[in-house]
Structures are given as structure tokens and as C-alpha cells.
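Undergrad: I would like to see how this sequence folds:
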Amino acid sequence: MAELSAASRRQWLQGAAALGAAAVAPGLRAQSGPVRIGYAMSRTGPWTPGAQVSQEPNYLLWAEQVNAAGGLDVKGVKRPVELISSDDRSDIETCVRSYQKLMGSDKVDLILPPWGSNANFAIAPLAQRLGYPMLAPTALSRKLIDMNLSYFFSLLQQPDRMMGALVDMLAASGAKTVAIVYMDDLFGLENFAALNNALKKTSIQVVERKSYPLGVKDLSPVLRGIKELNPDAFIGITYPPDTILASKQAKEVGFNPKFFYCSVGTAFQLYRNVITAPGAEGVLGMGSWNAKTSPEAKAYFDAHTRRFEGKEPDRWASGHCWAGLQILQSAVGKVGLDRKALRDWIAGNTHKTIIGDIRFTGSENTATPGTVGQWQNGEFEVVWPQSVATARLNAAKPAWK
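TA: Residues are numbered from 1 along each chain as shown. As a prediction, this is how the structure comes out:
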């Protein structure tokens, strides 16, 4: 981040020098200076795997691309982007203090959101009070939506949509029984509640429900118990480390149901690397897009992979993150940096993005349907619903390899 900010400052200073200090009026200098954009992001602690895949690389890539193109278009005036950022250490209090400083004493022009439902839940009311629009790509919380914060916009499909799509897929595929494990926090509890509500509308029987704490190191006893129940489907509402743990230990104990669903983290390149492409075959999880979704999605995917030396974006929230940056960039081009005008423009328009059209009803993206992804031949394909699918569902997971 320091290198990027320094580069932005150098770009501005070089531009001012070329014009000549005496020739630049004070008003023009203010209009042409850097657009200062602040955020806090997890670089240490348990949120780091998600934050450093789904969000911060996208912030860096976007700023670099914008600056390489001459700067951010602010109602017709190109201005360099300067990112001002810090490590929130996967800690809510640190995250809140960081954003208080950014929006308070630092008076940044714009903010970008932190990672995860918990951090966004803490920051969104502060951004509302200080009048900073937030386009959040990793907040999955109906409670946050129901707070009706006019400056907060959630890009991800909410728990009722994602769990509804999963249950629709299971019911359409003939699943009769399901076992569930879930993270005992805001993300896990809300998705678990949405999942239960969706299951109540079907004849699918829940044979087990188990919660687990953040930082769990062993799920094998739970998985052995579930194996004895022989469910058609296993659903893990999990964070990336737990997603990998559950998959590894399911293989170890010989638990291989017809449908094996874990999220989040399943859509990550890391999952395929650790579990291997053959091992991941048929595993389901939260995912909404891949490079097949649109030509623009492929261009983004390729640029990201080149910039970060083979590290791919994930096939879920990374796409939403880039879509949010596209929306913010377009809004600034249309109405400038007046944050109330930005909020109104974001709320009042349909936005073309790499994952398709996005439109907000209140704080919620209501244009993107709930989706299910599945690893097939080394790619995380969108398999449900069929209207946005990039491949057909494999309705019988092969044995772990």
C-alpha cells in the first residue's frame, strides 16, 4: 500500500510540476489532486485468508489500472487515486478505530469496505452517520440489510437467496436427508436460519444440526457421527480454514455423501490447490461467476491472475468486489465526489458489471439471483440456477481422491 500511495503522490507532483506552479490556480490544484480513498483490511488474524483473496488484491489492482489510465474520472477531470489503508488485525475494535480515523481526522474522500459480515456490521452505522457510501462485497447479513442504512449497499446475495437456491437445487435433484454444521457467529447463524426456513418448505429431513466455534481445529468427531446417519447431503456453513478442514477430514473418515456443500472458501483457488482438482471434483459451495460469465469477467480474471503472479480471484465475492469498484468508478464519473449525490446515484440506477446487472432495493442487491457453484474439472462452475449456469450440475459427487 505504501508503494501505491507513493506512486500516486509522485504522479500528482509530476503533473503539477509540468503545468508550472505559478500557472496552476488554487482551485484547479484542489480539483486535480489525488482522490484519497481509505480502508482497513485484515492482513493478520483469522479473517486474512478471505480478505486477501476476495478484497484487498482487487482494491490494489483497481487503483493501479485507474492510475495507469490517467486517473479517476471525477466529472470529466482525471485525478490519481491514493489508497490509505491499514491492517485491522481481524479485530472489530481495531477496524472501527481505523474507519473513525479515516472518516474523521483524515477526512478521506471515499472509503472501501472491510472484509466480512461482522466488520461491515460494525462499520456501516458509522459510515451512515458520517455520510460515506459503502459498497460491501463480503457482507452476508439480513440483519444488516434490515437496518435500512441509506449509505450501505450489499453486493452479495443475502442468506435467504443463497440458501434458497441451495435447497431448490437439492429438492430438484432428489435429496431426501441433510446434515448441517455451521459457524457460531453472525454469518453462520443467519445462513443457518435461512437454510432452516428454506428446508421447512420441502420434504427434506434434517438428520443433524451442529454449531462450532471460530478457530475450530478438529471436526472429525462431528463428521464421523454424521457419516453414521448417511445423509444424502452435507451442508457446512464455514469460513475458508474450516471449509478446508471439513473437506480434509471428511475424506479421512470416509464421509462422501451425494451432495457435499461447504462455504465460504470453496470458490477459492486455495481450496483447489490444497484439496487438489481431482479431490475437489463435485464439491459444492457459494459461487456466482467465473471467467465464462462474460467477456468482461474473463478480462478481469486474466488481469488479476497476471498481476498477482498466478493467484486467481475467487469465483464468488471477488467478482462482487470488482463490480462494486465498477459501480463506484461510474458514480464518481457521473456526479463527482459529493457523497450524498453518489449515494443517490448508486441507489437510483441499474449498474452494468462483470457479474451482470446490479440494482439495489434499499441496501440489497436484488438483481443477482441466489446461486450454487461446483468444482468440475478444475473450474468452479455456476451450476444453479440454470439461467446463470456456466455448466450443468453433477448430481452425484464422485469419491474423494
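
Undergrad: Alpha carbons only: can I get stretch 58-78 in PDB?
TA: Output of stretch 58-78 as PDB, limited to C-alpha atoms (Å, rounded to 0.1, in the frame of the first residue of the first chain):
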ATOM      1  CA  ASN A  58      -8.900  -6.100  -6.100                       C
ATOM      2  CA  TYR A  59      -8.500  -2.700  -4.400                       C
ATOM      3  CA  LEU A  60      -4.800  -2.700  -5.400                       C
ATOM      4  CA  LEU A  61      -5.500  -3.800  -9.000                       C
ATOM      5  CA  TRP A  62      -8.300  -1.300  -9.500                       C
ATOM      6  CA  ALA A  63      -6.200   1.600  -8.200                       C
ATOM      7  CA  GLU A  64      -3.300   0.600 -10.400                       C
ATOM      8  CA  GLN A  65      -5.500   0.300 -13.500                       C
ATOM      9  CA  VAL A  66      -7.200   3.600 -12.900                       C
ATOM     10  CA  ASN A  67      -3.900   5.400 -12.400                       C
ATOM     11  CA  ALA A  68      -2.400   3.800 -15.500                       C
ATOM     12  CA  ALA A  69      -5.300   5.100 -17.500                       C
ATOM     13  CA  GLY A  70      -4.600   8.700 -16.300                       C
ATOM     14  CA  GLY A  71      -6.600   8.700 -13.100                       C
ATOM     15  CA  LEU A  72     -10.100   8.500 -11.800                       C
ATOM     16  CA  ASP A  73     -12.700  10.400 -13.900                       C
ATOM     17  CA  VAL A  74     -14.300  12.900 -11.500                       C
ATOM     18  CA  LYS A  75     -17.000  14.500 -13.600                       C
ATOM     19  CA  GLY A  76     -14.600  14.900 -16.500                       C
ATOM     20  CA  VAL A  77     -11.400  15.600 -14.500                       C
ATOM     21  CA  LYS A  78      -8.900  12.800 -14.200                       C
END
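
Undergrad: List the buried residues in that stretch.
TA: By neighbour count with 16 or more other C-beta atoms under 10 Å, stretch 58-78 contains the buried residues 58-64, 66-67, 71-74. No exception for glycine: its C-beta is placed from N, CA and C like everyone else's.

Undergrad: okay, now L149: neighbour count?
TA: A count of neighbours around L149, defined by other C-beta atoms under 10 Å, yields 18.

Undergrad: secondary structure element for the closest residue to it other than its chain neighbours?
TA: Closest residue to L149 apart from its sequence neighbours, by C-beta to C-beta, 6 or more residues apart in numbering: Q128 at 4.4 Å. Using DSSP states H and E, Q128 maps to helix 117-130.
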